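Novice: Sequence and computational prediction follow.
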Amino acid sequence: MEITTLAFYFFAALTIGFAAVVVLSRNILHAAFSLLFTFFGIAGLYVLMQADFLAITQIMIYIGGILVLIIFGVMLTTHITGVDVKSGKTGKTQLALAATATILLAATMIYVLTTTSWKTAEAPELTSTAEIIGTGLLTHYLLAFEAASMLLLIAIVGAAFIARKKHA
Amino acid sequence: MEIGLTHYLVISVLLFTLGLFGVLSRKHAIMVLMGLELILNAANINFVAFAKYGGMNIEGHIAAVFVIILAAAEAAVALAILLNIYQHYHHVNIDEVDQLKE
């Protein structure tokens, strides 16, 4: 077996396995730390798809930013020492309905995906995608890029405004 | 069997449905947020996979970059709102948070 095939199955197992832990674990801190390995697995899949820039972005923003935010959220909104750190119990009916719906959805989508004959094109050999993405962002996608930067600014100001202590 | 487009799409479907299950079945608001992150990542895998198997089309990568930007903004604002909810209710169980004003 080729090394890339092995690497694909390794990263796929890492991603799906830890994503299952995230969703099924009753302890919210275990879920938050499993999310770390899921994001690493996805970064590995990006590398296998020759998306080097996105892999680095994934590690820097998801693991270095969003995951740290989520863990802060867990620490600030739960009493770590108490039983409160466990996620509340869901009703049996709701659990059964959610499981049935998602399994049916997954089966349908996998059936459709595997029976469709996808038309693929041969990918040219690239050494790095960062340069092309940078050129694209500052030419064709300049407006979207500026809008995204404004959105981030508004999100920062809004988040700081919403989360601050109110002294009435 | 060589790794092709379908393999990545199946991974993406599994990740999406796991995230959807998390959103539907969890009560803790942060668990719901984690499910949302899984769903966004599944979409990103799809973008990158179609970019690669569509002849290294860079538009897919740029769409994925924007998804990551939106995910960061969403996580920041959502956690700020959760902190507010926690200050008011002393829990973040979304089944019991049912009032818009104090």
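Specialist: Looks like it arrived, so ask away. Source: prediction; values computed, not measured.
Novice: As a check, name the ranges of all helices in chain A.
Specialist: A:3-24, A:28-48, A:52-57, A:67-77, A:92-115, A:130-138, A:142-163 (DSSP state H).
Novice: By mean pLDDT, show me the worst of those helices.
Specialist: Lowest mean pLDDT within those: helix A:67-77, at a mean of 88.
Novice: Check the burial of residue B:10 by counting its neighbours.
Specialist: 17 (other CB atoms under 10 Å in any protein chain shown). C-beta: built from backbone N, CA, C; applies to glycine.
Novice: check contacts around it.
Specialist: A:110, A:113-114 (CB atoms under 8 Å, 6 or more residues apart in numbering or on different chains).
Novice: Now, of these, which are buried?
Specialist: A:110, A:113 (16 or more other CB atoms under 10 Å in any protein chain shown).
Novice: give me the subset of the contacts of residue B:10 touching chain B.
Specialist: A:110, A:113-114 (CB under 8 Å from any CB of the partner chain).
Novice: Just the closest of those to chain B, please.
Specialist: residue A:113 (4.8 Å; CB to the nearest CB).
Novice: what about the closest residue in space to that closest one that isn't next to it in sequence, how many neighbours?
Specialist: Leaving aside its sequence neighbours, residue A:113 sits nearest to residue B:9 (CB to CB, 6 or more residues apart in numbering or on different chains; 4.8 Å). The number of residues packed around residue B:9, counting by other CB under 10 Å, is 23.
Novice: what's the answer for residue A:37, then?
Specialist: Residue A:37 has 17 neighbours, counted by other CB under 10 Å.
Novice: try residue A:25
Specialist: 18.
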